[in-house]
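[1] Got a predicted structure plus its sequence, pasted below:
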Amino acid sequence: MKKKYVFVTGGVTSSLGKGIISASLGMLLKSRGYKITIQKLDPYFNIDPGTLNPYEHGECFVTNDGAETDLDLGHYERFLDQTTTKDNNITSGLIYKTVIDNERKGYYLGKTVQVIPHITNEIKKRILGKSNPYDIVITEIGGTVGDIEILPYIESVRQLKWELGENNGLVIHLTLLPYISVTGEIKTKPTQHSVRNLMENGIQADILVCRTEKHISKNIRNKLALFCNVKPEHVIESIDTRIIYDIPCLLHRQNFDKVVLNHFNLSTIVSPNLKKWKNFIRKYKNPKYEIKIALVGKYVSLHDSYKSIIEALIHAGTKNEIHVRIKWIHSGAINDKNMEEYFNDISGILIAPGFGNRGIEGKILSAKYAREKNIPFLGICLGMQIAVIEFAKNVLKIQEAESNETNPYASYPVISLMKEQKNIIQKGGTMRLGNCKCSLMEGSKIFSIYGEKKEIFERHRHRYEFNNIYLEDFSNAGMKPVGINPETGLVEAMELDNHVFFLGVQFHPEYKSTVITPHPLFTYFVQISKNYKSFDYQKQNTPYV
Ligand code: GLN
């Protein structure tokens, strides 16, 4: 079978959810038996989003092979229940760097290096990929049509559509249909302009997916079809939903996946197998209990900063018929006088990953509170490091215990840098990244949570580590290293004895949770939190996260 290519562009405004539309289409096609991959092209000049503040671009998602990528790759993995790699996220920075490096190597000797053809050729090469085993490659183009930055990408799509031939390439344009409440009208003009803008760049959209808060009428569909040169059945509504996981089914009901397959002359005989997906949605919408998890972090005003954690809690909650409500707590706001106020109604405390000094004190107080009051606790990455510092200070009585991240000259660095990391000058892409092996200690809670597996693999994204000089002191005092990297001896997980559940993990379990396969650590954390404190869902007046 000749490989098929879907391109997803965005119009009118950003943040319409191209990632979710791409992931939904991928999921629907996969559920019909096609081999799918989704890639994201980002038109910024960072080589990857690893150096970006989460407030700029949301969470940085890490793949198994250690790439720091756009958060949309998290959606792809969660919807498709399959992993992505560094090849699934390409930035302008990467493209331009490759071309400039090639120029220095003399690959274009004699030629003037230009956006067209050199940059566009490099983009096309990346879109087409190496010989990969997929039937359909979905490529999401970041940004909005009309942005200066995305012009080389749009030109590459134009060329590819032409070169691939009519039935091998397809463009889906995601736009917004604003609703004017005063007149009660849905407006199509911004979409018309956006489609025209694409056409000015030589691209005819094949399918329009229209974000809207109201259902669109047949009239609107016909009008859009007429003015935008698409068939009426190629105008797909994407109405605002309560949860993103509803979207694939809503699109499927309008034959979205079928229209795509028809365009490619691919078979639609096998209908999508959505049993597990629908089962998930049914369970999500009918929880029995509600719990409140305190999520302590410093980027809490932008929830996208913790996207994978939020989704992992949703997956785990749904599995347990629990609606998980997140109580967002800014670590900077916590002090020893207001702890009760923040934590009196919560079922569990999660300290989020993070970087830098700000808000450290509030996090240490939160870990202390969870430890002393026997409240279920999960510390992720920086969250584990905080739990270690807190334990050192208040149990081991090392008052000056610190991380070298906060103080490079700390006298008692319970969290410190590995030798390799000490010589690193360049910041981007140099942390401990991606899948690492971890041996679990038999008899520990984490060992049973992972189904008594002796070895697990989890993804990493951090520079600092538990300082093994202190290992014995911690162990003797009841904080046990229950996960160790067998190759390096680095501590991967710390668990407290005599506590309902107090676990810190140096890795990021949230990256591996999917709708179909919730992560065992989150599943357990949610269960144990429910046992600690839960509410009858029916009596709560707060239907969604
Ligand atoms: N800042 C810490 C480190 O670099 C933790 C990183 C994280 O939480 N992802 O080790």
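    Structure's in. What do you need? Residues are numbered from 1 along each chain as shown.
[2] for stretch 79-90, the distance to its chain's centre please.
    11 Å (C-alpha atoms, centre = their mean, to the nearest Å).
[3] Identify all contacting residues around that stretch.
    Around stretch 79-90, the neighbours that count as contacts under C-beta atoms under 8 Å, 6 or more residues apart in numbering are 23-24, 26-27, 30, 36-42, 48, 63-67, 69-70, 73, 76-77, 123, 126, 129-130, 248, 514-517. Quick note: C-beta positions are derived from backbone N, CA and C, even for glycine.
[4] So which of these sit within helices?
    Of these, the ones assigned to helices by DSSP state H are 23, 24, 26, 27, 30, 73, 76, 77, 123, 126, 248.
[5] Reformat these as a markdown table; add neighbour count.
    Formatted as a markdown table, the ones in helices among the contacts of stretch 79-90 follow (neighbours: other C-beta atoms under 10 Å):
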| residue | neighbour count |
| --- | --- |
| 23 | 28 |
| 24 | 26 |
| 26 | 26 |
| 27 | 30 |
| 30 | 21 |
| 73 | 27 |
| 76 | 29 |
| 77 | 25 |
| 123 | 25 |
| 126 | 18 |
| 248 | 27 |
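[6] May I have the distance across stretch 43-54, first residue to last?
    One end of stretch 43-54 sits 17 Å from the other (C-alpha to C-alpha, to the nearest Å).
[7] Any part of that stretch near the ligand?
    No - on the criterion C-beta under 6 Å from any ligand atom, stretch 43-54 is out of touch with the ligand, staying 10.7 Å away.
[8] Mind listing what's buried along that stretch?
    For stretch 43-54, the neighbour count (16 or more other C-beta atoms under 10 Å) marks 43, 44, 46, 47, 48, 49, 50, 52, 54 as buried.
[9] ditto for stretch 76-84
    For stretch 76-84, using 16+ other C-beta under 10 Å, the buried residues are 76, 77, 78, 79, 80, 82, 83, 84.
[10] Find the pair from these with maximum spatial separation.
    Farthest apart among the buried residues of stretch 76-84 by C-beta to C-beta are 79 and 83. That separation is 12.5 Å.
[11] The stretch 151-300 of the chain: helices as residue ranges?
    151-164, 189-200, 218-228, 247-253, 256-263, 275-285 (DSSP state H, counting those that start in this stretch).
[12] Does anything pack onto the fourth one? Which helices or strands?
    Packing contacts for helix 247-253, counted by 3 or more C-beta pairs under 8 Å, 6 or more residues apart in numbering; DSSP states H and E, involve helix 18-30, strand 235-239, helix 275-285.
[13] repeat that for 7 Å
    On a contact count with 3 or more C-beta pairs under 7 Å, 6 or more residues apart in numbering; DSSP states H and E, helix 247-253 meets helix 18-30, strand 235-239.
[14] Name the surrounding residues that touch the lowest-mean-pLDDT helix or strand in the chain.
    In the chain, no helix or strand scores lower on mean pLDDT, DSSP states H and E than helix 419-422, which sits at a mean of 72. For helix 419-422, contacts defined as C-beta atoms under 7 Å, 6 or more residues apart in numbering pick out residue 463.
[15] Does that helix reach the ligand?
    No - judged by C-beta under 6 Å from any ligand atom, helix 419-422 stays clear of the ligand, getting no closer than 9.0 Å.
[16] Skip ahead from that helix and say which helix or strand is next.
    strand 432-440 (DSSP states H and E).
[17] Over that following strand, what's the mean pLDDT, rounded is fine.
    Averaged across strand 432-440, pLDDT comes to 96.
[18] what do you get for stretch 266-274?
    If you average the pLDDT over stretch 266-274, you get 94.
[19] The ligand contacts on the protein?
    Neighbours of the ligand within the chain, by C-beta under 6 Å from any ligand atom: 353, 354, 355, 381, 382, 405, 461, 462, 463, 464.
[20] Now do the SS call for residue 134.
    What DSSP: H, G, I helix; E, B strand; the rest coil gives for residue 134 is coil.
[21] Quick check, it in contact with residue 38.
    No - in terms of C-beta atoms under 7 Å, residue 134 does not count as a neighbour of residue 38; the distance is 9.6 Å.
[22] out of the two, which sits in the busier spot?
    Taking other C-beta atoms under 10 Å, residue 134 and residue 38 do not tie; residue 38 has more neighbours (28 against 15).
[23] middle-most residue in this protein, spatially?
    Taking C-alpha atoms, centre = their mean, the centroid of the chain lies closest to residue 74, which sits 3.1 Å from it.
[24] Residue of the stretch 201-350 of the chain closest to the ligand, please.
    residue 297 (9.6 Å; C-beta to the nearest ligand atom).
[25] now that residue, nearest residue through space, not along the chain?
    Nearest residue to residue 297, sequence neighbours excluded (C-beta to C-beta, 6 or more residues apart in numbering): residue 352, at 3.6 Å.
[26] From what I see, the one you found and residue 380 are in contact.
    Yes - using C-beta under 7 Å, residue 352 is in contact with residue 380, at 6.2 Å.
[27] Who has more neighbours out of those two?
    Taking other C-beta under 10 Å, residue 352 and residue 380 do not tie; residue 380 has more neighbours (27 against 24).
[28] residues in contact with the closest residue to that one other than its chain neighbours?
    Leaving out its chain neighbours, the residue that sits closest to residue 380 by C-beta to C-beta, 6+ apart is residue 353, at 5.3 Å. By C-beta under 7 Å, 6+ apart, the residues touching residue 353 are 380, 381, 382, 383, 508.
[29] taking these one by one, which sit in helices?
    Among the contacts of residue 353, the members falling in helices (DSSP H) are 382, 383.
[30] As a markdown table, the contacts of residue 353 with distance to residue 269 and pLDDT would be great.
    Putting these into a markdown table (distance: C-beta to C-beta, whole Å; pLDDT from 0 to 100) gives the following:
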| residue | distance to residue 269 | pLDDT |
| --- | --- | --- |
| 380 | 44 | 98 |
| 381 | 46 | 97 |
| 382 | 50 | 97 |
| 383 | 49 | 97 |
| 508 | 40 | 98 |
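[31] quick one on the thing from earlier: how about the helices of the stretch 151-300 of the chain, which one is nearest residue 337?
    Closest of the helices of the stretch 151-300 of the chain to residue 337 is helix 275-285, at 37.9 Å (criterion: C-beta to C-beta).
[32] would a markdown table of the residues of the chain next to the ligand with secondary structure be doable?
    As requested, the residues of the chain next to the ligand are exported to a markdown table (three-state DSSP):
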| residue | secondary structure |
| --- | --- |
| 353 | coil |
| 354 | coil |
| 355 | coil |
| 381 | coil |
| 382 | helix |
| 405 | coil |
| 461 | strand |
| 462 | strand |
| 463 | coil |
| 464 | strand |
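[33] most neighbours, which of the residues you listed?
    residue 382 (26 neighbours).
[34] Return the distance of it relative to residue 358.
    Here the criterion is C-beta to C-beta, to the nearest Å. By it, residue 382 lies 12 Å from residue 358.
[35] Residue 67 now?
    For residue 67, the distance to residue 358 equals 27 Å [C-beta to C-beta].
[36] For these two, indicate the residue with more neighbours.
    residue 67 (23 against 12).
[37] Identify the residue nearest the more buried one in space, chain neighbours excluded?
    Nearest to residue 67 is residue 86, by C-beta to C-beta, 6+ apart, at 3.4 Å.
[38] Ok, residue 317 next?
    Take residue 317 and drop its neighbours on the chain: the residue closest to it by C-beta to C-beta, 6+ apart is residue 324, 3.8 Å away.
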